[in-house]
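[1] what shape does this take:
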Amino acid sequence: MAKYVKDVLLQEDRKPLSVVLTHCHFDHSGGVHQFSERGDDCYIHDAELKAVLRQSSSLDTCAWITDDEVLPKPRVGWSAKDYLVRGCANDQIKGLRGGEKIDLGDRSFEVKTSMHRTCQIVTCAVSMQVLHLPGHTAGSMGLFDSWNGILVTGDALYATEEQLIDWYPPGSSVRLMANSLETLLGLSALLRVAILFNLLCVVSMLQAWPRTWTSCCLATTTSWKAPSLSFVTPRGT
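    Numbers count the residues shown, from 1 in each chain. Coordinates of the predicted model:
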C-alpha cells in the first residue's frame, strides 16, 4: 500500500481526489496530510474534525502502538512512543454530518436493446451518500453508492471471529453501534458489494442477519460479537 501511495496517488499528474476518513483512528487518518497538502478534498465527521486539525494526542486517534507492531520501521531511530497523527490545516479538511452526497461525476453506460440489437449511451450522475454510523467512534462514517449497490463501512462493520470494537475511549458506544448495525441491515437488500475494513466481499448473508444480533446488545454493556458470515470473495480480488 505504501508503494501504491508513493507511485500512484502522490504523482503530480494524477487527477484530484476526494478523500473521506471513515473515522479518526490513526490507522485511518495517519496519512491524510499527504493528500490535504496537495489540495485534494478531504473529509471527516464534524465530531472528529478537531482530532485531525492539529497535532493530535494518542488518545484522540488511538495511536497507542508499540514498536513491535510497526514493521518495517519508517526510518532509522523511529519509536512508537513518539508517534502522533500529523494534523491538517483548517482549510485543508472539511467536516461532514451524514446525509451529504459526494459527487463522483458522470458515467456513461452502453445499453443493449433486445428489440433492435443496437447500443445507446446512457449518462448518469453517480454519487456516494455519507452515512453517520457511530459506535466504533462518535463520528464513524460509511459511504453508500445506491446506483451500483456498493457500501463502504470503515470500522463500523468488518469480518471477525471476535468482538466488534465499541469500547475505545473517547466516543465508543455499544448502544450507538447497535443502532448503526440496524441501519446497515436496512440497506442490505440494496447491496451487491460491501467494502469492509478488512475484506472486499460479495454480499450473500448480510440481509439474513437476525435482528436479535443487534437488539441483544442494547441490553448489555459488553461488546457485540459478530456472527460468522458466509462471504463470497469476488474472483480476482
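[2] can you report phi and psi for the residue nearest to Tyr83 when sequence neighbours are not counted?
    Nearest-residue entry for Tyr83: Ala63, 5.8 Å, with adjacent residues in sequence omitted and distances by C-beta to C-beta, 6 or more residues apart in numbering. The way it works is simple: take the backbone N, C-alpha and C, and place the C-beta from them, glycine included. When read as degrees, to the nearest 10, the backbone of Ala63 gives phi -90, psi 40.
[3] could you pull up the contacting residues of Ala63?
    Applying C-beta atoms under 8 Å, 6 or more residues apart in numbering to Ala63 gives the contacts 25-26, 30, 56, 83-85.
[4] save those residues as CSV, and put in distance to Asp155 and neighbour count too.
    Formatted as CSV, the contacts of Ala63 follow (distance: C-beta to C-beta, whole Å; neighbours: other C-beta atoms under 10 Å):
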residue, distance to Asp155, neighbour count
His25, 7, 23
Phe26, 12, 19
Gly30, 14, 17
Ser56, 17, 21
Tyr83, 20, 18
Leu84, 20, 15
Val85, 16, 26
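[5] Met141: which of those residues is nearest?
    His25 (12.4 Å; C-beta to C-beta).
[6] what's the per-residue pLDDT of the residue nearest to Tyr83 here?
    We note a pLDDT of 80 for Ala63 in this prediction.
[7] relative to Leu71, how far out is it?
    To Leu71, Ala63 is 16 Å away according to C-beta to C-beta, to the nearest Å.
[8] mind giving me the domain ranges of the chain?
    Per automatic domain parsing, the structural domains of the chain span 16-96, 102-219.
[9] for Val8, find the nearest of those domains.
    Going by C-beta to C-beta, the one of the domains of the chain nearest Val8 is domain 16-96, 10.7 Å.
[10] what is the end-to-end distance of the closest one?
    End-to-end distance of domain 16-96 (C-alpha to C-alpha, to the nearest Å): 19 Å.
[11] for the residue nearest to Ser58 when sequence neighbours are not counted, phi and psi?
    Closest residue to Ser58 apart from its sequence neighbours, by C-beta to C-beta, 6+ apart: Trp64 at 5.2 Å. Dihedral angles of Trp64 (phi, psi; degrees, to the nearest 10) stand at phi -90, psi 60.
[12] I figured Trp64 hits Tyr83, correct?
    No: using C-beta atoms under 8 Å, Trp64 is not in contact with Tyr83, being 9.5 Å away.
[13] joint contacts of the two?
    The contact lists of Trp64 and Tyr83 share Ser58, where a contact means C-beta under 8 Å, 6+ apart.
[14] in what helix or strand does Asp60 lie?
    helix 58-61 (DSSP states H and E).
[15] which stretches in this protein count as strands?
    18-20, 41-45, 94-96, 101-112, 119-132, 141-145, 150-154, 193-196, 200-202 (DSSP state E).
[16] adding distance to Val52 and mean pLDDT, write those strands out as JSON lines.
    Shown next, in JSON lines, are these (distance: least, C-beta to C-beta, whole Å; pLDDT from 0 to 100):
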{"stretch": "strand 18-20", "distance to Val52": "11", "mean pLDDT": "90"}
{"stretch": "strand 41-45", "distance to Val52": "6", "mean pLDDT": "93"}
{"stretch": "strand 94-96", "distance to Val52": "10", "mean pLDDT": "94"}
{"stretch": "strand 101-112", "distance to Val52": "18", "mean pLDDT": "66"}
{"stretch": "strand 119-132", "distance to Val52": "16", "mean pLDDT": "72"}
{"stretch": "strand 141-145", "distance to Val52": "13", "mean pLDDT": "92"}
{"stretch": "strand 150-154", "distance to Val52": "15", "mean pLDDT": "88"}
{"stretch": "strand 193-196", "distance to Val52": "22", "mean pLDDT": "75"}
{"stretch": "strand 200-202", "distance to Val52": "26", "mean pLDDT": "62"}
